[in-house]
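[1] Below: sequence and its predicted model.
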Amino acid sequence: MRRGGAPRGLTVDDGTVRLWNVRHRHPDCRTVPALRRVERPYALLRLVFREAPGRAVAGFTRGRHEVLAAGGGRLDLDESA
């Protein structure tokens, strides 16, 4: 079983391997996926999803790493596309 928060591998169309993970942070309740290349582990891209009017991030009533948008948009960061 994978340790929570441990990076997962993702292979892009050109064969480049990236490592990614998702974390949920407080106190301002945000979900933060991070992506990095295997050969450049310190070059990190973080996307921050924060709660705001019309947006919701993971929490008690939603999935662990789910992001919701106004109009019914939904993104589950634990599912691969």
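    The structure has been received and is ready for your questions. For clarity, every value in this text was computed on a predicted model and none was experimentally measured.
[2] Quick check: residue 65 vs residue 8, distance?
    Separation of residue 65 from residue 8 (C-beta to C-beta, to the nearest Å): 12 Å. C-beta coordinates here come from the backbone N, C-alpha and C atoms, glycine included.
[3] Between the two, which has more neighbouring residues?
    Set residue 65 next to residue 8 and count neighbours by other C-beta atoms under 10 Å: residue 65 wins out with 20 against 12.
[4] Residue 24 is in contact with that one, correct?
    Yes. With contact defined as C-beta atoms under 8 Å, residue 65 reaches residue 24; the gap is 6.8 Å.
[5] Now do the SS call for the residue most central in space within the chain.
    Centroid-nearest residue in the chain, with C-alpha atoms, centre = their mean: residue 33, separated by 2.9 Å. Following DSSP: H, G, I helix; E, B strand; the rest coil, residue 33 is assigned to strand.
[6] That one: what's its closest spatial neighbour, skipping adjacent residues?
    residue 22 (4.6 Å; C-beta to C-beta, 6 or more residues apart in numbering).
[7] again with residue 34
    residue 46 (4.9 Å).
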